[in-house]
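Trainee: Quick check, what structure comes out for this input:
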Amino acid sequence: MKEKISNYRLKLVNQIFLFSNIWTSLIWVISSYYLLYYQSEKHPNINFTLAGFCIVVSTFIEVVRIYTGYSGNINSDILDLAGFLILSVVIQLPIHIYLSISLFEAFYKIQLITQIAQLFLILIQSILNFIIIRKSLHEKNLQFQMMNNINK
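Mentor: Coordinates of the predicted model:
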């Protein structure tokens, strides 16, 4: 019982991080497009072309990532949480690290703050979801073992 309460607390913390991620993502998208639109004339190089592509791809992936995070967290669906974890670690994290490094000199303060906030949220959510997935799998394993013992 105590483990189940602990898992619900982790899911609540994850829900709070997902909610804050929506707002930081909106600010990040607006400031990124603003940066690209006004700074691309001053710095017409390959970095801004790649950064523009990364920002567009990251915008669409962020919507899917947050959706899978919410549905996995609310429905206790391990597959959605695993999809959220994969999208976070494999796609979003490298994109945000690339954008932080390649466009560092062109950042405005709000862009730099939101970029760091996005990196922080992705890292925290990845670690938190990994723990939630492990605990959920452990719960499912215990349920399966109990059902197996009852049927014997």
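
Trainee: residues of the helix-or-strand element of the chain with minimal mean pLDDT that come out buried?
Mentor: The helix or strand of the chain with the poorest confidence is helix 2-39; it has a mean of 80 (mean pLDDT, DSSP states H and E). For helix 2-39, the neighbour count (16 or more other Cβ atoms under 10 Å) marks 7, 10-11, 14, 17-18, 21, 24-25, 28-29, 31-32, 35-36, 39 as buried. C-betas here are computed from N, CA, C, even on glycine.

Trainee: again with stretch 111-124
Mentor: Neighbour count says stretch 111-124 has 111, 114-115, 117-119, 121-122 buried, by 16+ other Cβ under 10 Å.

Trainee: Put together JSON lines for those, with secondary structure, distance to Leu79 and pLDDT on each row.
Mentor: Converted to JSON lines, the buried residues of stretch 111-124 look like this (DSSP: H, G, I helix; E, B strand; the rest coil; distance: Cβ to Cβ, whole Å; pLDDT from 0 to 100):
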{"residue": "Gln111", "secondary structure": "helix", "distance to Leu79": "34", "pLDDT": "76"}
{"residue": "Thr114", "secondary structure": "helix", "distance to Leu79": "30", "pLDDT": "81"}
{"residue": "Gln115", "secondary structure": "helix", "distance to Leu79": "30", "pLDDT": "83"}
{"residue": "Ala117", "secondary structure": "helix", "distance to Leu79": "28", "pLDDT": "86"}
{"residue": "Gln118", "secondary structure": "helix", "distance to Leu79": "25", "pLDDT": "88"}
{"residue": "Leu119", "secondary structure": "helix", "distance to Leu79": "26", "pLDDT": "89"}
{"residue": "Leu121", "secondary structure": "helix", "distance to Leu79": "22", "pLDDT": "89"}
{"residue": "Ile122", "secondary structure": "helix", "distance to Leu79": "20", "pLDDT": "90"}
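
Trainee: element containing the residue lying closest to Leu119 once chain neighbours are set aside?
Mentor: Using Cβ to Cβ, 6 or more residues apart in numbering and skipping the chain neighbours, the partner closest in space to Leu119 is His96 (5.1 Å). His96 belongs to helix 93-102 when elements are defined using DSSP states H and E.

Trainee: Now do that helix and helix 2-39, the angle between them.
Mentor: 40 degrees (axes from the mean of the first three to the mean of the last three Cα atoms, to 10 degrees).
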